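Peer 1: give me a model of this one.
(2 chains)
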Amino acid sequence: GENVEQHPSTLSVQEGDSAVIKCTYSDSASNYFPWYKQELGKRPQLIIDIRSNVGEKKDQRIAVTLNKTAKHFSLHITETQPEDSAVYFCAASVRGGGADGLTFGKGTHLIIQP
Amino acid sequence: EAGVAQSPRYKIIEKRQSVAFWCNPISGHATLYWYQQILGQGPKLLIQFQNNGVVDDSQLPKDRFSAERLKGVDSTLKIQPAKLEDSAVYLCASSLLAGLETQYFGPGTRLLVL
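Peer 2: Next comes the predicted model:
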């Protein structure tokens, strides 16, 4: 089955700086890669996703890049703000075949230092 | 629109007891997922339903876990008997259609097994 590795486990950046979180996946059939943000005690919330026919996607301060050949994808957050502090999860799944449950990484605890 | 609803929000039981969780997906969502999130880890898929049929239960510990979605709307997840290692947050998610749509998560049920 799919295996998703996520690094780093903790990331501390100064407010206003950029943050980058990286994930690798093992199943070359995976074609959908969402990123979820989870605040303490809250539900995971989708912040951005990318499909395998696209190499990069951007939404305001958040961007995701995908390298299918190397089987890795990354989340980039620019101009970080205190409200960006949370745990971020990458995930992967195979879309189009019916069974499309997400395989998640272990998460990155992002800390924004004021 | 209303989000995914789950109850109870918290549950404390002793090992070997049984417990049940309930999920009401977003109205009209045909696909429903149950995930288990152990503290400090990413969610892990337990089972996926499409309407009232099981699409994927390959990671469900079937000797103690069971789930149903009899009328294709609400779902229940049961653990019998519970073990200490079942302590986790149980997240329900739904999507409009498998393979096409975003998965939206409920607030989760936090289970503590003593």
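Peer 1: and A:Leu46, what does it touch?
Peer 2: For A:Leu46, the contacting residues are A:34-36, B:102-104, by Cβ atoms under 8 Å, 6 or more residues apart in numbering or on different chains. Just so you know, the C-beta spots here come from the backbone N, C-alpha and C atoms, and that holds for glycine as well.
Peer 1: spatially nearest residue to the residue of chain A found nearest chain B (excluding sequence neighbours)?
Peer 2: Closest approach between chain A and chain B, counting by Cβ to the nearest Cβ: A:Phe104, at 3.0 Å. Computed as Cβ to Cβ, 6 or more residues apart in numbering or on different chains, the closest residue to A:Phe104 that is not its neighbour in sequence is B:Gly42, at 3.0 Å.
Peer 1: leaving out sequence neighbours, find the closest residue to residue 90.
Peer 2: Using chain A. A:Cys23 (3.8 Å).
Peer 1: oops, I was thinking of chain B
Peer 2: That would be B:Thr109: by Cβ to Cβ, 6+ apart, it lies 4.8 Å from B:Tyr90.
Peer 1: how far does stretch B:42-58 sit from the chain's center?
Peer 2: With Cα atoms, centre = their mean, to the nearest Å as the basis, stretch B:42-58 stands 9 Å off its chain's centre.
Peer 1: do the same with stretch B:73-83
Peer 2: Taking Cα atoms, centre = their mean, one finds stretch B:73-83 lying 8 Å from the centre of the chain it belongs to.
Peer 1: stretch A:17-29 now?
Peer 2: 6 Å.
Peer 1: same question, stretch A:46-65
Peer 2: For stretch A:46-65 - counting by Cα atoms, centre = their mean - the centre lies 9 Å from the chain centre.
Peer 1: now that stretch - C-alpha only, CSV.
Peer 2: In CSV, the C-alpha atoms belonging to stretch A:46-65 read as follows (Å, rounded to 0.1, in the frame of the first residue of the first chain):
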residue,chain,number,x,y,z
LEU,A,46,-8.1,21.3,3.6
ILE,A,47,-5.9,24.3,2.7
ILE,A,48,-4.8,23.3,-0.8
ASP,A,49,-4.6,20.3,-3.1
ILE,A,50,-2.9,19.3,-6.4
ARG,A,51,-3.6,16.6,-8.9
SER,A,52,-0.9,14.7,-10.8
ASN,A,53,-1.5,16.5,-14.1
VAL,A,54,-0.3,19.8,-12.6
GLY,A,55,3.2,20.7,-11.4
GLU,A,56,2.4,23.7,-9.2
LYS,A,57,-0.7,25.4,-7.7
LYS,A,58,-0.9,28.6,-5.8
ASP,A,59,-3.5,30.2,-3.6
GLN,A,60,-2.5,33.6,-2.1
ARG,A,61,0.4,32.8,0.4
ILE,A,62,0.2,29.1,0.0
ALA,A,63,1.6,27.0,-2.9
VAL,A,64,2.2,23.3,-3.6
THR,A,65,4.6,21.8,-6.0
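Peer 1: does whichever strand or helix holds A:Leu11 reach chain B?
Peer 2: Using DSSP states H and E, A:Leu11 sits within strand A:10-14. No - using Cβ under 8 Å from any Cβ of the partner chain, strand A:10-14 stays clear of chain B, with a minimum separation of 11.3 Å.
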